[in-house]
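attaching a predicted model along with its sequence, questions to come.
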Amino acid sequence: MAEAAPWEIAIRVETAHALSRKGCPRGWALTEHRGFARLNITAKAGGGKRRQIQLPIPWHFDNAKKIGAAVCKIYDDFSSGIEPEQAAKTITYTSGSESDTRTSDTQKAVSEQQTDWNVLIERYREYKIRTGEIKESTWTRVHRHHMKHVLDAFVSRHPPQSATQLLDRLTLHWADKPGGRTRQIQMQATSALLRWAVAQGELAAARWEPPTDLSSFVGRSRSAKAITTPLEVGHILALVQALPDPRWRLAFQLMAAYGLRPEELQHLQLRDGRLWCTYEKVASRGKTKPRALRLLPCDDWAANWKLADQFCPADLPPMRSGFCGNDIRQYLHRRPLWNQLRQEYEAKGEKLVPYSCRHGYAHRAHVICDLPPKVVAAAMGHSVQTHLAAYSRWCGDDVVDDAFTKAEQRLQAS
């Protein structure tokens, strides 16, 4: 028996969930039979009688919602005393005629002849790198994975014939994770590919122009998302004492003291006795510039480390270019104290990650040092817009109250 495609599994899972919410016991399941959906009901779930009911809806990804709705209607009628076979006779399907099928097959053949998606994506990759929008390493680390899912969507008996069909198909990779960040990036990356291809005349705008609102494809998370949180100074000092490898300890100290991105550890150099970061992050708002690194005036503990006085790139641990964040996370996850702190933060609805060192730097710069966002953004190597979008989430009532109190004290002193 051929292995079920991801979209077939998704139809069955989503229909089972819908039935479960209606109180349906196990025993109602979907299969494909001669190109159409068939509802199988066990004797226990069907009132003592085993049933196989053919539905008039073609077994196709585009009909997933119609199939699920039909099964739920049959169950509702069955709960009201109507036999499933009789309930199934009221199900109609209006868009599956032979002429429609022939038209769809013709469009599909034309599309397959005109568009080589492997070539299209390769040209898109060259364009993104050539124009400086992204680096080669970024394509390898992020975009290549999502473009593979796009290619997989066309390797089927019924490839998508429009932008919405393609985006619908891609939701199946994360059918159980609506609203997830990876699913969001997949939809954004795919839409960017389609917009570029339409602009280049490679795809017809009428069918392949993606919608501006991707929320229905990204979905909404069923659970509250933990917010990555600033790492407290006391925990920074405790971790420095607990890290046994001096190379990884140095990497952690640099991130905590200067608010570095993990990737920036491979782009540090000394200039006239000061540490500089030469990393250039390419983003939609432009490219970051090399910057001098600065310790916060409130961080005496970081000044005592004298990192700039004894810095040597050879003292850092070996890390893969483009994957420094993963390498540091793997090392920290093997440390008992880090895992203990992760549990403590999670108990408060927060999330501890290597980036928490950078978040802590920003938090101290604002709350303790009263530095304005424009100054902190420049010190951390990103735009003011990015800074406000990322760090305004920690501006709670306690922070606001403290800022107002300090403002009042300054006014009284003047």
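Ah, there it is. Numbers count the residues shown, from 1 in each chain.

tell me how the protein divides into domains.
6-96, 115-218, 228-413 (automatic domain parsing).

which residues sit against the helix ranked longest in the chain?
Longest helix in the chain by number of residues (criterion: DSSP state H): helix 181-199. Contacts to helix 181-199, defined as C-beta atoms under 8 Å, 6 or more residues apart in numbering, come from residues 120-121, 124, 127, 142-143, 146-147, 149-150, 163, 166-167, 170-171, 173-174, 177, 203-205, 208-211, 214, 217-219. All C-beta atoms are positioned from the backbone trio N, CA, C, and that covers glycine.

next secondary structure element downstream of that helix?
Sequence order places helix 205-208 as the next helix or strand after helix 181-199, per DSSP states H and E.

after that next one, next one along is what?
Next along from helix 205-208, by DSSP H and E: helix 215-218.

Met255 is in contact with His359, correct?
No. If you go by C-beta atoms under 8 Å, His359 and Met255 don't touch, sitting 10.6 Å apart.

looking at these two, which has the bigger crowd around it?
Met255 (25 against 21; other C-beta atoms under 10 Å).

what helix or strand does that one sit in?
helix 246-258.

mind listing what's buried in that helix?
Residues of helix 246-258 classed as buried by neighbour count (16 or more other C-beta atoms under 10 Å): 248-258.

how about the helix or strand following it: buried residues?
Downstream of helix 246-258, the first helix or strand assigned by DSSP H and E is strand 268-271. Neighbour-count burial for strand 268-271, counted by 16+ other C-beta under 10 Å, picks out Leu268.

elements contacting the very next helix or strand once past strand 268-271?
Next in sequence after strand 268-271, counting helices and strands by DSSP H and E, comes strand 274-277. Counting contacts by 3 or more C-beta pairs under 8 Å, 6 or more residues apart in numbering; DSSP states H and E, strand 274-277 packs against strand 268-271, strand 291-292.

what strands flank strand 274-277, and is each parallel or antiparallel?
strand 268-271 (antiparallel), strand 291-292 (antiparallel) (DSSP bridges).

which residue ranges form the helices in the stretch 251-400 of the chain?
Using DSSP state H, counting those that start in this stretch, the helices assigned to the stretch 251-400 of the chain run over residues 300-305, 324-332, 336-347, 356-367, 373-380, 384-391, 397-413.

looking at those helices, which is buried most?
Of the helices of the stretch 251-400 of the chain, the one with the most neighbours on average (mean count of other C-beta atoms under 10 Å) is helix 356-367, at a mean of 22.

so how far is that helix off the chain centroid?
24 Å (C-alpha atoms, centre = their mean, to the nearest Å).

what helices and strands are in contact with it?
helix 233-242, helix 246-258, helix 373-380, helix 384-391, helix 397-413.

now the domains of the chain in a markdown table, with mean pLDDT?
Formatted as a markdown table, the domains of the chain follow (pLDDT from 0 to 100):
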| stretch | mean pLDDT |
| --- | --- |
| domain 6-96 | 86 |
| domain 115-218 | 89 |
| domain 228-413 | 86 |
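
dump the residue contacts of the closest residue to Lys44 other than its chain neighbours.
Leaving aside its sequence neighbours, Lys44 sits nearest to Gly27 (C-beta to C-beta, 6 or more residues apart in numbering; 5.6 Å). Neighbouring residues of Gly27 by C-beta under 8 Å, 6+ apart: 41-42, 44-46.

got phi/psi on Gly27?
phi 130, psi -10 (degrees, to the nearest 10).

from now on call the first residue 59
Let's use 59 as the start, then, which means that last one is Gly85.

contacts only, for Leu77.
86, 129-130, 133.

keep only those of those residues that are in strands.
Trp86 (DSSP state E).

what's the pLDDT at Ala282?
What the model reports for Ala282 is a pLDDT of 55.

thought Glu338 was touching Glu322, still the case?
No. Glu322 is beyond contact range of Glu338, at 10.2 Å (criterion: C-beta under 8 Å).

count of residues packed around Ile192?
Ile192, neighbours per other C-beta under 10 Å, totals 16.

quick check: Ala95 is in a strand.
Yes. Assignment of Ala95 by DSSP: H, G, I helix; E, B strand; the rest coil places it within a strand.

returning to what we had before: I'd like the helices of the stretch 309-458 of the chain as CSV, with distance to Ile111 appended.
Below are the helices of the stretch 309-458 of the chain laid out as CSV (distance: least, C-beta to C-beta, whole Å):
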stretch, distance to Ile111
helix 358-363, 70
helix 382-390, 49
helix 394-405, 47
helix 414-425, 55
helix 431-438, 62
helix 442-449, 52
helix 455-471, 58
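
closest one to Arg329 among these?
When the helices of the stretch 309-458 of the chain are compared for distance to Arg329 using C-beta to C-beta, the nearest one is helix 431-438, at 16.1 Å.

can you check what angle separates that closest one from helix 304-316?
Here helix 431-438 runs at an angle of 160 degrees relative to helix 304-316 (axes from the mean of the first three to the mean of the last three C-alpha atoms, to 10 degrees).

hey, where'd the strands end up in the stretch 109-258 of the chain?
Counting by DSSP state E, counting those that start in this stretch, the stretch 109-258 of the chain has strands at residues 109-116.
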